[in-house]
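> Turn this into a model:
(4 chains)
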Protein chains: 2
Amino acid sequence: MSGLTERQKLVLALLVRDYVDTAEPISSGRLVANYHLDFSPATARNEMAALEQRGYLFQPYTSAGRMPTKEGYRYFVQQLMGADELPSPIKEMIRHQFYQARHDVDDWLSLSASVLAQQSRVASIVAQLHTEKARLKQIALLSTRGRQVLLVIILSSGEVHQQTLILEELLPQEQLNSMAAQINHLVAGMDTIALEEKRGEIKDTQLEEVFTVVHQIIRASEVISSGDVYRDGLANMLSEPEFSEPEKAKQTLELFEDRVMLDDLLSRTVIESDAPGVHVIIGGEDTWDKLGDCSLIIARYGSKEHAMGAVGILGPLRMAYSRGVSTVRFVSDLMSELVSESLSN
Amino acid sequence: MSGLTERQKLVLALLVRDYVDTAEPISSGRLVANYHLDFSPATARNEMAALEQRGYLFQPYTSAGRMPTKEGYRYFVQQLMGADELPSPIKEMIRHQFYQARHDVDDWLSLSASVLAQQSRVASIVAQLHTEKARLKQIALLSTRGRQVLLVIILSSGEVHQQTLILEELLPQEQLNSMAAQINHLVAGMDTIALEEKRGEIKDTQLEEVFTVVHQIIRASEVISSGDVYRDGLANMLSEPEFSEPEKAKQTLELFEDRVMLDDLLSRTVIESDAPGVHVIIGGEDTWDKLGDCSLIIARYGSKEHAMGAVGILGPLRMAYSRGVSTVRFVSDLMSELVSESLSN
DNA sequence: TTTAGCAGTCTTCTATTGAGAGTGCTAAAG
DNA sequence: CTTTAGCACTCTCAATAGAAGACTGCTAAA
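Numbering: from 1, shown residues only, chains lettered A, B, ... in the order given. Purely as a prediction, here's the structure:
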């Protein structure tokens, strides 16, 4: 089966655009009139019938207008869609917001979620992912209250972890400092494997206790995603007509609240393809079935060596893919820029 | 105007219960039959008319059954509602989950949100609030990457804050340690006012830079709420018939996503009343108008001296107040217990 | 190959109707 | 004076029918 004719591509592209705007089945007459096409509605109808034959369009019932199928959207995104860049003033505004924020990855992440939600008018997801090989840079032990001690761990990627411990006996801060110094001296720059080998060298019980926790945390941080997930713009989604049935809305919200699900989604876009750039996943099917009737536009930021994560938007199938891709690309590039700048200082 | 008769109280109480279960206007006949009342539907009708007169009930239209008004719910909660304790096995299960979690306030908070959502079948909110007088316990400076430095601040309450700084020049960890030690020596145990007075004693520029940030953070932490807000169970809400209209659902979701709003809500329940215990706010009116057609059951945990916060649930007006209050009370007591245990170690 | 014309199909809107549910009132009973 | 049976009345809800309208697919001509 050969490809589509130019005119078929035109019809499909316009129909998708129009449907995304109006959320109503598009008729041949409407299409021709709206875009001043130089062929008649009858011709458009013929082309639409052909596109339906190929599975790119469907009619909700005999003799209604047509709407794109998932396949139709996919063809549109892969072959037809042009770039719909964010206007420069908006880009500048966003950039400004980021540079104005504190120099903190967490702040940038929540800002990303907020910006994406606002620009795309759908829901956004942002998460920090973790590098595969975690190497210890240094730790600190800080007395907080009584036997309670805060363990701060800094990885070579610049990532920070903290955890409260309760020690067997009460130790003054000076002693905590010296314990931290000992551990730092022993294991700085090591990954989990090297760390494991050093275990035997530790004699002191208190020290071993701390060592064990450090080891645990570093192992835990080797999991692909384990930090906070930032979400925003949930309310946007409910405005869309596809979520007018509460059942649909509920499903989507559950998808959003399910951490396991999100982790899976995020990690798969990152692991599955080494290719950077924006990924568009349109609707659920086999591997992505949980996605249901939603689409996900997602991109990685950062690099394997540094802090890394994913930013994306989640919306109904009927969404402004072109604008969405541009927005996600812009934000992920900005994050990459910020992260690498901040680390090269 | 005198109070309600016993029979009126009975009718109101049963009607509220029944309506909460069924979400449908309750008729006199139904009420009498369902609860085997020893008076006739006609009598019930008279009582219901009287209750309507007082503003506790209303009919959606002439000759439908009746449903409670906000006032009706308020009367019910304040005067009629008994305790509907959680079953012991469930209490034990929850307790078990908490003691199994890591000894980390953050973990407890997110667990609280999850437990509340699951038990109440509505949405939950949990937030850490801050004590009014923040006193510095100690700080640490940890080199993360290049000129980037992690500032960790521990307050006397045990609260931990962290922030990334970028220093003017690159300093080795040893020098950072000595800077931290100097600051600790200078200002340990001080509040913002005392801190301000010490400013003059600092000569070194780098040191002053750090000092300024420390000061800022402590000031910021004196705001009532500034930490993360944990939410859960949003999807629960959409199952309720009151949110079948997307418009209502959207409003409620927006309320939930609006940090400013939530902060206000939380801080008011904490500031406004020194009384501990569970607060029930039923629907929006003047001071709480943003709440709209939702109710909030909320309680404080912890104490002013220690880590403190609020746990609560947010649902439609038609919600199981009795069970909700018991659940919120149980979780907040549990949190208090955990926090004070953890601090007395 | 394109297009005008038209019959045919399916939805959607409005109006009408009947059934049912529940009330308020009245008058009798306790 | 309180309670209750009886009943007329009101209003919703569901079902039905019919009319209007929107598009299509087909056919035949350009």
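
> what is the mean pLDDT for the longest helix belonging to chain A?
Ranked by residue count and defined by DSSP state H, the top helix of chain A is helix A:321-344. The pLDDT scores in helix A:321-344 average 90.

> With stretch A:192-204 instead?
Computed over stretch A:192-204, the average pLDDT equals 77.

> Assign A:Val210 to helix, strand or coil.
helix (DSSP: H, G, I helix; E, B strand; the rest coil).

> Number of residues surrounding it?
For A:Val210, the count of nearby residues is 23 (other CB atoms under 10 Å in any protein chain shown). All C-beta spots, glycine's among them, are computed from the backbone N, C-alpha and C.

> Distance-wise, check it relative to DNA strand C.
As judged by CB to the nearest atom of the strand, to the nearest Å, A:Val210 and DNA strand C stand 66 Å apart.

> ok, now A:Glu247?
A:Glu247 is 18 Å from DNA strand C, by CB to the nearest atom of the strand.

> measure that residue to B:Lys248 for me?
16 Å (CB to CB, to the nearest Å).

> same deal with A:Val331?
31 Å.

> higher neighbour count, the two?
Shown here are A:Val331 and B:Lys248; by other CB under 10 Å, A:Val331 has more neighbours (28 against 18).

> Could you pull up the residues touching that one?
Residues near A:Val331 by CB atoms under 8 Å, 6 or more residues apart in numbering or on different chains: A:Ile94, A:Ser112, A:Val115, A:Leu116, A:Ala299, A:Tyr301, A:Val311.

> Contact residues of the stretch 1-150 of chain A facing DNA strand C?
Contact residues, the stretch 1-150 of chain A versus DNA strand C (CB under 7 Å from any atom of the strand): A:Arg7, A:Asp38, A:Phe39, A:Ser40, A:Pro41, A:Ala42, A:Thr43, A:Asn46, A:Tyr61, A:Thr62, A:Ser63, A:Ala64.

> Pick out the most distant pair among those residues.
Spatial extent of these (CB to CB) is set by the pair A:Asp38 and A:Tyr61 at 29.8 Å.

> and the stretch 1-150 of chain A, which residues reach DNA strand D?
A:27-30, A:41-42, A:45, A:48-49, A:52, A:59, A:63-66.

> can you give me the strands in chain A?
Counting by DSSP state E, chain A has strands at residues A:57-58, A:67-68, A:123-129, A:136-145, A:148-155, A:160-166, A:225-232, A:278-282, A:294-302, A:308-316.

> Make a markdown table out of those strands and add mean pLDDT, distance to B:Asp107 and mean neighbour count.
Below are the strands of chain A laid out as a markdown table (pLDDT from 0 to 100; distance: least, CB to CB, whole Å; neighbours: other CB atoms under 10 Å in any protein chain shown):
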| stretch | mean pLDDT | distance to B:Asp107 | mean neighbour count |
| --- | --- | --- | --- |
| strand A:57-58 | 95 | 48 | 20 |
| strand A:67-68 | 96 | 45 | 22 |
| strand A:123-129 | 90 | 18 | 26 |
| strand A:136-145 | 84 | 16 | 22 |
| strand A:148-155 | 85 | 14 | 21 |
| strand A:160-166 | 82 | 9 | 18 |
| strand A:225-232 | 79 | 13 | 19 |
| strand A:278-282 | 92 | 32 | 21 |
| strand A:294-302 | 91 | 27 | 25 |
| strand A:308-316 | 91 | 22 | 26 |
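
> I'd like those laid out as a markdown table, including distance to A:Glu254.
Shown next, in a markdown table, are those (distance: least, CB to CB, whole Å):
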| stretch | distance to A:Glu254 |
| --- | --- |
| strand A:57-58 | 27 |
| strand A:67-68 | 25 |
| strand A:123-129 | 13 |
| strand A:136-145 | 37 |
| strand A:148-155 | 33 |
| strand A:160-166 | 29 |
| strand A:225-232 | 13 |
| strand A:278-282 | 18 |
| strand A:294-302 | 12 |
| strand A:308-316 | 13 |
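
> between these, which gets nearest to A:Glu337?
strand A:294-302 (8.7 Å).

> For that closest one, name the packing helices and strands.
With contacts defined as 3 or more CB pairs under 8 Å, 6 or more residues apart in numbering or on different chains; DSSP states H and E, strand A:294-302 has these neighbours: helix A:259-271, strand A:278-282, strand A:308-316, helix A:321-344.

> For the residue in the stretch 201-345 of chain A that DNA strand C sits nearest to, give me its contacts.
Ranked by CB to the nearest atom of the strand, the top residue of the stretch 201-345 of chain A for proximity to DNA strand C is A:Pro241, at 11.9 Å. Contacts for A:Pro241 (CB under 8 Å, 6+ apart) come out as A:Ala23.

> now do the one 5 residues further on
Residues counted as contacts of A:Pro246 (CB under 8 Å, 6+ apart) are B:Leu238, B:Ser239, B:Phe243, B:Ser244, B:Pro246, B:Ala249.

> one more time with 6 Å, if that's ok
By CB atoms under 6 Å, 6 or more residues apart in numbering or on different chains, the contact set of A:Pro246 is B:Leu238, B:Ser244.

> Quick one, grab the pLDDT at it.
Per-residue confidence for A:Pro246 comes out at a pLDDT of 84.

> Any figure for the gap between it and A:Gly284?
20 Å.

> and if you look at A:Met81?
For A:Met81, the distance to A:Gly284 - CB to CB - is 21 Å.

> What distance do you get for the closest residue to A:Leu207 other than its chain neighbours to chain B?
Leaving aside its sequence neighbours, A:Leu207 sits nearest to A:Met179 (CB to CB, 6 or more residues apart in numbering or on different chains; 5.8 Å). A:Met179 sits 14 Å away from chain B, going by CB to the nearest CB, to the nearest Å.

> burial measure for A:Met179, as a count.
Count around A:Met179 with other CB under 10 Å applied: 21.

> Any residues of chain A in contact with chain B? List them.
Taking CB under 6 Å from any CB of the partner chain as the contact definition, chain A meets chain B at A:103-104, A:140, A:142, A:144-148, A:150, A:152, A:154, A:158, A:160, A:164, A:166, A:234-235, A:238, A:244, A:246, A:249-250, A:253-254, A:257, A:343, A:345.

> Any idea how far stretch A:169-176 is from the middle of the chain?
Relative to its parent chain, stretch A:169-176 has a centroid offset of 42 Å by CA atoms, centre = their mean, to the nearest Å.

> Pull out the buried positions in it.
Within stretch A:169-176, the residues scored as buried using 16 or more other CB atoms under 10 Å in any protein chain shown are A:Leu171, A:Gln173, A:Leu176.

> Would you format these as TSV with pLDDT included?
TSV is the format used below for these (pLDDT from 0 to 100):
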residue	pLDDT
A:Leu171	84
A:Gln173	86
A:Leu176	87
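
> So which of the residues you listed are in helices?
Residues of those located in helices (DSSP H): A:Gln173, A:Leu176.

> List just the nearest of the buried residues of stretch A:169-176 to chain B.
Chain B has its nearest neighbour among those in A:Gln173, at 6.9 Å by CB to the nearest CB.

> where in the stretch 1-150 of chain A is pLDDT low?
A:1, A:131-133 (pLDDT under 70).

> again, only this time at 50
Residue ranges of the stretch 1-150 of chain A with pLDDT under 50: none are present.

> where do the helices sit along it?
Applying DSSP state H, counting those that start in this stretch to the stretch 1-150 of chain A gives helices spanning A:6-22, A:28-35, A:41-53, A:70-75, A:88-100, A:105-120.

> Alpha carbons of the first one, in PDB - could you do that?
Listed next in PDB are the C-alpha coordinates belonging to helix A:6-22 (Å, rounded to 0.1, in the frame of the first residue of the first chain):
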ATOM      1  CA  GLU A   6      -0.500  15.300  -1.100                       C
ATOM      2  CA  ARG A   7      -4.200  16.200  -1.100                       C
ATOM      3  CA  GLN A   8      -5.000  13.500   1.300                       C
ATOM      4  CA  LYS A   9      -2.300  14.700   3.600                       C
ATOM      5  CA  LEU A  10      -3.700  18.200   3.400                       C
ATOM      6  CA  VAL A  11      -7.200  17.000   4.200                       C
ATOM      7  CA  LEU A  12      -5.900  15.000   7.200                       C
ATOM      8  CA  ALA A  13      -3.800  17.800   8.500                       C
ATOM      9  CA  LEU A  14      -6.600  20.300   8.300                       C
ATOM     10  CA  LEU A  15      -9.100  18.000   9.700                       C
ATOM     11  CA  VAL A  16      -6.900  17.200  12.700                       C
ATOM     12  CA  ARG A  17      -6.300  20.900  13.400                       C
ATOM     13  CA  ASP A  18     -10.000  21.700  13.100                       C
ATOM     14  CA  TYR A  19     -11.000  18.900  15.300                       C
ATOM     15  CA  VAL A  20      -8.500  19.800  17.900                       C
ATOM     16  CA  ASP A  21     -10.000  23.200  18.000                       C
ATOM     17  CA  THR A  22     -13.700  22.400  18.000                       C
END
